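Enquirer: A structural model of the following input is requested.
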Amino acid sequence: MKRSTGFTLLEMVVAIGIFAIVAAISYASLTQFLQHRAALAQRHGDLKTLQLAFTLLEHDLRYAVARPVRDGFGDTEGALLSDGTDRGVPGELFRLTTSQPAVASSGQQLRRVAWRLEEGTLIRATWDVLDRDQDSAEYARPLLSGVATAALRLLQFDAESGLGELPEGAEGTAMPTAMELLLTLDNGREYRRLIEVATGS
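Expert: Residues are numbered from 1 along each chain as shown. A predicted model of the protein is given here:
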């Protein structure tokens, strides 16, 4: 008489226990992998947003034009204005005229732009016209959130002393050689960008 073969109850318990241990380890590894992937995706998205902001900033400065404008009340605004606190625009880092590709033609179009820090968000504002009326529309585009502080330095090159800060009040009549922007984010990271101004003297 042949003896029937099979798994004993003890062998089944041992097999199930081993399977449970392997499944727990695999689940923990999978969870950790997914967390790392989500963190990397978030970091990649943040870097893309930061890169876009710096790309637009670099374009505005490299194609700056020393062209004063009139504001909505008919008063003259200098080609470059920095620190909008005195003008009733707290948080505004600078305002200038820049050249951009024209949509309707292959030429260039002058546009007034302003960069501001409002409630932790870096904003780029533009106007369709240079010499504005009181009802001229402003288009504000949020570019970067989570910004703790933003500091701007206007720099001018001198043959004797090299690169130094532009004298206070001179930005209304002279364009700087370069501008330096230091951003500090809420997570403590700092980003510094030094950009040459095309029309700098």
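
Enquirer: please count neighbours and contacts with C-alpha atoms only from this point.
Expert: OK.

Enquirer: any low-confidence regions in this protein?
Expert: 1-6, 101-107, 167-173, 199-201 (pLDDT under 70).

Enquirer: and the helices in it, which stretches?
Expert: 9-62 (DSSP state H).

Enquirer: report the central residue of it.
Expert: The centroid of the chain falls nearest to residue 53 when counting by C-alpha atoms, centre = their mean (3.2 Å).

Enquirer: quick one: that one and residue 33, what's the gap?
Expert: 30 Å (C-alpha to C-alpha, to the nearest Å).

Enquirer: so what's the residue lying closest to residue 182 once chain neighbours are set aside up against?
Expert: Nearest residue to residue 182, sequence neighbours excluded (C-alpha to C-alpha, 6 or more residues apart in numbering): residue 192, at 4.4 Å. By C-alpha atoms under 8 Å, 6 or more residues apart in numbering, the contact set of residue 192 is 180-183.

Enquirer: could you rerun that using 7 Å?
Expert: Residues in contact with residue 192 (C-alpha atoms under 7 Å, 6 or more residues apart in numbering) are 181-183.

Enquirer: out of the residues you listed, who's nearest residue 22?
Expert: Nearest to residue 22, judged by C-alpha to C-alpha, of these is residue 183 at 47.2 Å.

Enquirer: for the closest one, the count of nearby residues, please.
Expert: Residue 183 sits with 19 neighbouring residues when counted by other C-alpha atoms under 10 Å.

Enquirer: cool, residue 75 as well?
Expert: 11.

Enquirer: also residue 94?
Expert: By the criterion of other C-alpha under 10 Å, residue 94 has 16 neighbours.

Enquirer: residues in contact with it?
Expert: Counting by C-alpha under 7 Å, 6+ apart, residue 94 touches 81-83, 114-115.

Enquirer: drop anything exposed from those.
Expert: Neighbour counting by 16 or more other C-alpha atoms under 10 Å classes 81-83, 114-115 among these as buried.
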